[in-house]
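1. With the sequence up front, the predicted model follows.
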Amino acid sequence: MSDSVSAPAPAPVTVLLVEDDEVIRRSVAMALERYGYRVLVAADGLTGLELFREGRHDLLLLDVMLPGLDGIGLCRRIRETATDPILMMSARGDALDVVSGLEAGADDYVVKPVDTPVLVARIRSLLRRAAFVPPVAEPAGPAEPAGPLVFGDLSLDPAALEVRRGGERIALAPTELRLLLEFAAHPGIVLDRQTLLREVWDYGWDGDTRVVDLCVQRLRKKIGAEHVETVRGFGYKWKR
């Protein structure tokens, strides 16, 4: 008989679901649990904020329309102190809801009612973004110790995943950091929105390009608008 001890099973991914509609809340929670997720639930924004502050989650799934503190306000409160992955849910898919959620700091959104496989695919994609950031491509030639990349007042350390502006460290959400690294890996090259959706958002299908535009907008506010040039009709270009 072997005396070896099996390694403990990894803890399940925990999703904090904030949804006021009881039927939707229960059905979404049950569907995610069938896929192996652990689900914490809250029926209003203030309760969701309390659970968020306990820090026992890996991802937040927030409805837009919530009593007390709505999903947009909750997202803003979270983004004041944290970069946790956030997926918004909108009942209507209304452009204003989508834009407001993304501007508040959400990484992505889904429209209710949403098929469980689609929701799970979005969650998995967002978790991959939060857990893994691809390295910036190294130039050809003899290998040298990698160091920070410097663009004017902006310093990007791909190994440490640190971004500084004027010497001050900048806190970026996972999607913002992935987007910045994708730009920095292709200086001077125009990247269209579909390419960015594929490489940054990990979409294997056509997605809503508004998520790209609004994430670029948030990134510009943090690192300086001069670093990302809009190429009208095509996409964006990182300025050397």
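-> Structure's in. What do you need? Numbers count the residues shown, from 1 in each chain.

2. Tell me which stretches of this protein form strands.
-> 14-18, 38-42, 59-63, 86-90, 108-111, 149-151, 154-157, 162-165, 168-169, 190-192, 228-231, 235-238 (DSSP state E).

3. Could you pull up the mean pLDDT of the second one?
-> Pointing back at strand 38-42 there. Averaging pLDDT along strand 38-42 gives 96.

4. elements contacting it?
-> Applying 3 or more Cβ pairs under 8 Å, 6 or more residues apart in numbering; DSSP states H and E, one finds that strand 38-42 contacts strand 14-18, helix 22-34, helix 45-54. All C-beta atoms are positioned from the backbone trio N, CA, C, and that covers glycine.

5. Provide the contact partners of that strand at residue level.
-> When contacts are defined by Cβ atoms under 8 Å, 6 or more residues apart in numbering, strand 38-42 is touched by residues 11-19, 25, 28-29, 32-33, 48, 50-51, 56-57.

6. Sheet partners, orientation included, of it?
-> strand 14-18 (parallel) (DSSP bridges).

7. Export the strand it pairs with to CSV, keeping only CA atoms.
-> What follows is strand 14-18, C-alpha atoms only, in CSV (Å, rounded to 0.1, in the frame of the first residue of the first chain):
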residue,chain,number,x,y,z
THR,A,14,-16.7,31.4,-6.0
VAL,A,15,-19.1,33.8,-7.8
LEU,A,16,-20.8,36.6,-5.9
LEU,A,17,-24.2,37.0,-7.6
VAL,A,18,-26.2,40.2,-6.8
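
8. buried subset of the contacts of strand 38-42?
-> Buried subset of those (neighbour count, 16 or more other Cβ atoms under 10 Å): 13, 15-19, 25, 28-29, 32, 48, 51, 57.

9. will you turn those into TSV that also has distance to residue 71 and pLDDT?
-> Shown next, in TSV, are these (distance: Cβ to Cβ, whole Å; pLDDT from 0 to 100):
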residue	distance to residue 71	pLDDT
13	21	89
15	15	96
16	12	97
17	11	97
18	7	97
19	9	96
25	13	94
28	14	95
29	17	96
32	18	95
48	9	96
51	14	95
57	16	91
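
10. could you dump these to TSV with distance to residue 226?
-> Listed next are the buried ones among the contacts of strand 38-42 as TSV, based on distance: Cβ to Cβ, whole Å:
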residue	distance to residue 226
13	38
15	38
16	37
17	39
18	37
19	40
25	44
28	42
29	45
32	42
48	37
51	39
57	36
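
11. Which one of these is nearest to residue 181?
-> residue 13 (23.5 Å; Cβ to Cβ).

12. Ignoring the adjacent residues along the chain, who's closest to that closest one?
-> Once flanking residues are discounted, residue 13 sits nearest to residue 58: 4.9 Å by Cβ to Cβ, 6 or more residues apart in numbering.

13. tell me the mean pLDDT over the helix ranked longest in the chain?
-> In the chain, taking DSSP state H as the definition, the longest helix is helix 116-131. Computed over helix 116-131, the mean pLDDT rounds to 86.

14. Can you list the helices and strands that it packs against?
-> For helix 116-131, the packing partners by 3+ Cβ pairs under 8 Å, 6+ apart are helix 22-34, strand 59-63, strand 86-90, strand 108-111, helix 174-184.

15. Tell me where the model's unsure across the protein.
-> For the chain, the stretches flagged by pLDDT under 70 are 1-10, 92-93, 131-146, 204-207.

16. Can you spell out the domain ranges of it, please?
-> The record's domain split for the chain, according to automatic domain parsing, is 14-131, 149-238.

17. what's the spacing between the first one and its chain's center?
-> Mean C-alpha position of domain 14-131 versus that of the full chain (Cα atoms, centre = their mean, to the nearest Å) differs by 12 Å.

18. again with the shortest one
-> Distance, stretch centre to chain centre, for domain 149-238: 13 Å (Cα atoms, centre = their mean).

19. Okay then, goodbye and thanks.
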